[in-house]
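Here is a sequence with its predicted model. Questions after.
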Protein chains: 2
Amino acid sequence: MGNPVIDQLMNRRSVRAFSGETVSDDDLATILRAAQQAPTSVNGQQVSLIVTRDKSTIRRIADIAGGQVQVATADVFVTIVVDFNRTAHACQAAGVTQQIADSAEGLMVGAVDAGIMLMALQVAAESLGYGTTAIGGIRRAPQALVELLGLPAGTFPLVGTTIGVPDKTRLPRVKPRVPLSSFAMHERYDDAAVAAGVTEYDRTLAAWWQEQGITDMPSYCRATAGYYQSDYFPTVGDVLARQGFSLADK
Amino acid sequence: MGNPVIDQLMNRRSVRAFSGETVSDDDLATILRAAQQAPTSVNGQQVSLIVTRDKSTIRRIADIAGGQVQVATADVFVTIVVDFNRTAHACQAAGVTQQIADSAEGLMVGAVDAGIMLMALQVAAESLGYGTTAIGGIRRAPQALVELLGLPAGTFPLVGTTIGVPDKTRLPRVKPRVPLSSFAMHERYDDAAVAAGVTEYDRTLAAWWQEQGITDMPSYCRATAGYYQSDYFPTVGDVLARQGFSLADK
């Protein structure tokens, strides 16, 4: 390719094993500042970050996420917070009452912007040689994280990312994806292509595990079914409601 | 910096004026393939893209988004679709019934992954010299987009992005952000820092507009209040429900 950005994206993988070395303060500041330039809906900047470097707090977050070693051993954990508290301050300064936070549109704005910010953080961190994994596991017990991080009404800790120096002896291979034609469809959704893509990818992923001599990992269909046959984080709706969010139209 | 990825992120801006030149098929394929390597929760790949190149369809999407010239004049529009139809096929193949789509956790997974994919697409496109703007405006009339793109149950068109060749005579300046210390907080949320950041940024943004001789743009507080004093896209919850989503815990 010769394009370092495309090369980095094409070779992206989730890094779950760290060397134990430190993320430098300068690099961390660069990562945060670069990610901050990501777009936000209507420039509302309804996303904030809580940066955790305290090792006992990182271990606590690892516990909240279900005892994840990849979190406990990361040098930095960044929680991405949907933040309609910031915009409530802005509305108050303008003399109006904010209405958006507890609407479907507001929740979707915040969640999309949190995802955007997650990718921006990871792209920035990886360009400096760090490894990352997105951690949705913080939604296993979101109320505990609200308390740990002191999150006010109008905010929600939606997703996080680890940042650390990769253990180069345990770098994972780049994981394949569903066929491009079943992911990026032209002009209209093609259900037959999606279904065929699932069948093909089930074999692709199984072969990918086998190539590495790993025989105990489920294929795509079994892995996905294992997660999605239940609501595995069943307090997300409750804590969203407590923090002031809803899926209502107003 | 000397780091092309960081440089690109730091200089990111939303490009809304295009030259009218074409995005090459090869570049578009590279953008889509690079973005596809972005992470998805539990490798579920519950995001799909609908790539629109047909100019009459792009103009229809521009209408749906409220008559946005920046959409109508883009060479490519990519709709990012939360896709639990794909994972439903996977669950079916594994002999189980998918439960996740109509839960709060499922909706949050899908929305975050859609945001991740948006940023991945934009980072890839910008690295090849193209300009982009995230278009949340498709949620102005999501049912119309569901019909236009033929989106089945379990899917929702959450956000989109334009891709085009920038009109270099009308490149916007990089827009400032709230103070870094009020965005990336250390260890715990700091409401006083967030409030002070809003006050400071209100002045920063007003000065930034003034420097460019633009005097009719509202400051941060007035702009944000203008949007967020109402639920400006009031059918998002209804269409999410029709497509099978909810904010319930199960």
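Arrived safely.

so where do the helices sit in chain A?
A:4-10, A:25-36, A:55-64, A:69-72, A:84-93, A:104-127, A:142-149, A:180-183, A:191-211, A:220-228, A:236-242 (DSSP state H).

what about A:Cys92, neighbour count?
If you look again at residue A:92, you'll see it is Gln, not Cys. 15 (other Cβ atoms under 10 Å in any protein chain shown). Using the backbone N, CA and C atoms, a C-beta is placed for each residue, glycine as well.

Equivalent analysis for the one 5 residues further on, please.
Residues within reach of A:Thr97, counting by other Cβ under 10 Å, total 10.

quick one: it and A:Thr87 touch, right?
No - counting by Cβ atoms under 8 Å, A:Thr97 does not reach A:Thr87; the two are 11.6 Å apart.

Pick the most buried one from the helices of chain A.
When the helices of chain A are scored by mean count of other Cβ atoms under 10 Å in any protein chain shown, the highest mean neighbour count falls to helix A:104-127 (a mean of 29).

Just give the nearest non-adjacent residue to A:Asp190, would you?
A:Ser182 (7.7 Å; Cβ to Cβ, 6 or more residues apart in numbering or on different chains).

Next one, pLDDT for A:Met1 please.
pLDDT for A:Met1: 50.

thinking again about what came up before, next, format the helices of chain A as JSON lines and append mean pLDDT.
Shown next, in JSON lines, are the helices of chain A (pLDDT from 0 to 100):
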{"stretch": "helix A:4-10", "mean pLDDT": "97"}
{"stretch": "helix A:25-36", "mean pLDDT": "98"}
{"stretch": "helix A:55-64", "mean pLDDT": "98"}
{"stretch": "helix A:69-72", "mean pLDDT": "98"}
{"stretch": "helix A:84-93", "mean pLDDT": "98"}
{"stretch": "helix A:104-127", "mean pLDDT": "98"}
{"stretch": "helix A:142-149", "mean pLDDT": "98"}
{"stretch": "helix A:180-183", "mean pLDDT": "98"}
{"stretch": "helix A:191-211", "mean pLDDT": "97"}
{"stretch": "helix A:220-228", "mean pLDDT": "97"}
{"stretch": "helix A:236-242", "mean pLDDT": "98"}
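
Relative to B:Trp208, which of those helices is closest?
helix A:25-36 (15.2 Å; Cβ to Cβ).

got the angle between that closest one and helix A:104-127?
Angle of helix A:25-36 versus helix A:104-127, following axes from the mean of the first three to the mean of the last three Cα atoms, to 10 degrees, is 140 degrees.

Find the nearest non-adjacent residue to A:Glu21, please.
Closest to A:Glu21 by Cβ to Cβ, 6+ apart is A:Val165, at 3.9 Å.

Over to the one you found: give its phi and psi.
As for A:Val165, its main-chain torsions (degrees, to the nearest 10) stand at phi -80, psi 120.

Just give the number of residues close to it.
By other Cβ under 10 Å, neighbour count at A:Val165 equals 18.

ok, A:Ala38 - contacts?
The contact partners of A:Ala38, by Cβ atoms under 8 Å, 6 or more residues apart in numbering or on different chains, come to A:Ile116, A:Met117, A:Met119, A:Ala120, B:Leu9, B:Arg12, B:Met119.

and which of those is nearest to A:Arg177?
A:Met119 (15.5 Å).

doesn't B:Ala120 make contact with the closest one?
Yes - between A:Met119 and B:Ala120 there is a contact at 5.5 Å, judged by Cβ under 8 Å.

hmm, back to that, mind listing what the residue nearest to A:Asp190 touches?
By Cβ under 8 Å, 6+ apart, the neighbours of A:Ser182 are A:Asp190, A:Ala193, A:Val194, A:Ala196, A:Gly197, A:Val198, A:Glu200, A:Tyr201, B:Ser48, B:Arg86.

and if you look at A:Asp25?
Contacts of A:Asp25 (Cβ under 8 Å, 6+ apart): none.

tell me, what residue is most central in chain A?
Note on chain A: the residue nearest the mean C-alpha position is A:Ala134, at 4.0 Å, using Cα atoms, centre = their mean.

State the distance from that one to B:Gln92.
Going from A:Ala134 to B:Gln92 by Cβ to Cβ, to the nearest Å gives 26 Å.

swap in A:Asp63?
Counting by Cβ to Cβ - A:Asp63 and B:Gln92 are separated by 35 Å.

For the residue nearest to the centre of chain A, give me the pLDDT.
98.

So it sits against A:Val159, correct?
Yes - using Cβ under 8 Å, A:Ala134 is in contact with A:Val159, at 6.1 Å.

Backbone dihedrals for the residue of chain A most remote from its centre, both of them.
Taking Cα atoms, centre = their mean, the residue of chain A most remote from its mean C-alpha position is A:Gly95, at 34.4 Å. Main-chain torsions, A:Gly95, degrees, to the nearest 10: phi 80, psi 20.

hang on, the earlier thing: just give me the closest of the contacts of A:Ala38 to A:Lys250.
Distances from A:Lys250 to those, taken by Cβ to Cβ, are shortest for A:Ile116, at 24.3 Å.

Now do that closest one against chain B, distance only.
4 Å (Cβ to the nearest Cβ, to the nearest Å).

Then A:Leu151?
A:Leu151 is 5 Å from chain B, by Cβ to the nearest Cβ.

what does A:Val23 give?
13 Å.

got the contact list for the residue of chain A found nearest chain B?
Nearest residue of chain A to chain B (Cβ to the nearest Cβ) works out as A:Gly115 at 2.1 Å. A:Gly115 is in contact with A:Val159, B:Ala111, B:Val112, B:Asp113, B:Ala114, B:Gly115, B:Ile116, B:Met117, B:Leu118, B:Met119, counting by Cβ under 8 Å, 6+ apart.

Excluding chain neighbours, give the residue nearest to the third one in space.
With Cβ to Cβ, 6+ apart as the measure, A:Gly115 is the residue that lies nearest to B:Val112, at 4.1 Å, once sequence neighbours are left out.

same deal with the last one?
The shortest distance from B:Met119 to any residue other than its chain neighbours is 3.7 Å, reached at A:Met119 (Cβ to Cβ, 6+ apart).

dump the residue contacts of the one you found.
A:Ala38, B:Ala38, B:Gly115, B:Ile116, B:Met117, B:Leu118, B:Met119, B:Ala120, B:Val123.

if you set the cut-off to 7 Å instead, what comes out?
B:Ala38, B:Ile116, B:Met119, B:Ala120 (Cβ atoms under 7 Å, 6 or more residues apart in numbering or on different chains).

Which residues are in contact with the nearest residue to the residue farthest from the centre of chain A once chain neighbours are set aside?
Leaving aside its sequence neighbours, A:Gly95 sits nearest to B:Ala225 (Cβ to Cβ, 6+ apart; 7.5 Å). Neighbouring residues of B:Ala225 by Cβ under 7 Å, 6+ apart: A:Ala90, A:Cys91, A:Ala94, A:Val96.
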